[in-house]
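Novice: Mind folding the following:
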Amino acid sequence: MFLSAIKKTFFDLWDHLFFAMAVNLVFTLATLGLSSLSFLFQGLGPGGLFIFLPLPFLLASVLGGLATFWSKDIAVVGSAKFADLVPHLAASWKASLVFGFAWLVLVAGFLFGVPFYTAINPILGFVFGIVMAWALFFGAGMSLFYPGLNAQIEPRVRKLLKKSFMVFLANPGISFLMALVFVGALVLTVVTLGFFPGIVGLSLWLQVCFKFVMLKYEWMEANPEADHKKVPWSVILADDMEKVGPRSFKSLIFPWKD
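Specialist: Numbers count the residues shown, from 1 in each chain. Here you go, the predicted structure:
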C-alpha cells in the first residue's frame, strides 16, 4: 500500500503538474502576503494582536482547504478545474477554519501555556506540558485523515473530528508512514519555496492515502470472514494501479511521444 500510494501520488501530481504549480504559486504568494499582515498588527497593542494576529493563519487554512478539494479531484476523479473554485470554497471553508483554529489553540497552549504554568508551579507546568504534548500528538495524527474525510466523505465538522480520531487510532502503522512521507515532502516544499510538491502535492498525498484506507474498509466490509490482518493490497488497489499504469522515463518527459 505504501509504495503504491507514493507511486499514485507522484504520477497524479506529474499528470497535473501545471495545474499544481499554478495553485502552489498562488498559495505561496498569498501565504507570504497574509504573513506580512502581522507586521501591521504590531501597533495595535496586546488586545489587537490577540484578535487580529490569528487572521492570516486562518485565511491560509481556508486556502489550504481549497487546495485539499482540488487534490481530491485529482486523486479520486482524475482531473481538477479552476472553475470549481467557488463550490470547493463553499464546501471547505467551515471545516478549514475549524482545522486552523484548533491548531492555533494547540500551538499557543504549548508555547505560552507551558511557560505560564511553569512560572506558577514547576510541577503544574510539567503536567500541563505532558497534556499538551499528547494533545499535539493526537492532533497531528488526526490531521492526516481530517482533509481526506472532509473532501471525500464527511462535510460536518463535529463528525469530522470524531471520525478522524477513530481512523487514526485504527491505523497506527499507516499513520506513521503517512506522517513520514508528509514531513519529507514538507521539507522539499520549503526547499523549493513552495513550488514542489507544494500545498497540492502535500494534500494529494493525504487524499491518496485516505482513499486507499477507505478501500481497505470496503474490502473488510465485503469480506467479514477474511483475516483482516492480512489485507490483499494488490487486489484492492488493482484498479488504481491499472489507471496509473507502467511509466517509462520517456513517457514522463515526453508524454505525447509515448
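
Novice: Next, the contact list for Pro232, please.
Specialist: Taking Cβ atoms under 8 Å, 6 or more residues apart in numbering, we find Pro232 in contact with Trp219. For glycine as for every other residue, the C-beta is placed from the backbone atoms N, C-alpha and C.

Novice: which outside residues touch the host helix or strand of Phe27?
Specialist: In this assignment (DSSP states H and E), Phe27 forms part of helix 17-40. The contact list for helix 17-40 (Cβ under 8 Å, 6+ apart) reads 13, 53, 55-57, 59-60, 63-64, 67, 70, 80, 82, 193-201, 204.

Novice: Buried residues in that helix, which are they?
Specialist: Phe19, Ala20, Met21, Val23, Asn24, Phe27, Thr28, Thr31, Leu34 (16 or more other Cβ atoms under 10 Å).

Novice: how close does the spatially most central residue of the chain sit to Thr189?
Specialist: By Cα atoms, centre = their mean, the chain has its centre lying nearest to Ser203, at 4.7 Å. According to Cβ to Cβ, to the nearest Å, Ser203 and Thr189 sit 11 Å apart.

Novice: ok so, going back, in JSON lines, list the buried residues of helix 17-40 along with distance to Met1 and pLDDT.
Specialist: Output for the buried residues of helix 17-40, formatted as JSON lines (distance: Cβ to Cβ, whole Å; pLDDT from 0 to 100):
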{"residue": "Phe19", "distance to Met1": "26", "pLDDT": "95"}
{"residue": "Ala20", "distance to Met1": "23", "pLDDT": "96"}
{"residue": "Met21", "distance to Met1": "28", "pLDDT": "95"}
{"residue": "Val23", "distance to Met1": "27", "pLDDT": "96"}
{"residue": "Asn24", "distance to Met1": "26", "pLDDT": "96"}
{"residue": "Phe27", "distance to Met1": "28", "pLDDT": "93"}
{"residue": "Thr28", "distance to Met1": "31", "pLDDT": "92"}
{"residue": "Thr31", "distance to Met1": "32", "pLDDT": "84"}
{"residue": "Leu34", "distance to Met1": "36", "pLDDT": "74"}
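
Novice: Tell me the one among these nearest to Phe168.
Specialist: Minimum distance to Phe168 across these is 25.5 Å, recorded for Phe27 (Cβ to Cβ).

Novice: Downstream of the lowest-mean-pLDDT helix or strand in the chain, the next helix or strand is which one?
Specialist: The least trusted helix or strand in the chain, going by mean pLDDT, DSSP states H and E, turns out to be helix 45-52, with a mean of 59. Sequence order places helix 54-72 as the next helix or strand after helix 45-52, per DSSP H and E.

Novice: could you say what helices and strands the helix ranked longest in the chain packs with?
Specialist: In the chain, taking DSSP state H as the definition, the longest helix is helix 122-152. Other helices and strands packing on helix 122-152, by 3 or more Cβ pairs under 8 Å, 6 or more residues apart in numbering; DSSP states H and E, are helix 54-72, helix 85-108, helix 114-120, helix 157-170, helix 172-191, helix 198-222.

Novice: mind putting those in JSON lines, mean pLDDT and distance to Gly139 included?
Specialist: Below are those laid out as JSON lines (pLDDT from 0 to 100; distance: least, Cβ to Cβ, whole Å):
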{"stretch": "helix 54-72", "mean pLDDT": "91", "distance to Gly139": "14"}
{"stretch": "helix 85-108", "mean pLDDT": "94", "distance to Gly139": "5"}
{"stretch": "helix 114-120", "mean pLDDT": "94", "distance to Gly139": "16"}
{"stretch": "helix 157-170", "mean pLDDT": "93", "distance to Gly139": "10"}
{"stretch": "helix 172-191", "mean pLDDT": "96", "distance to Gly139": "12"}
{"stretch": "helix 198-222", "mean pLDDT": "96", "distance to Gly139": "15"}
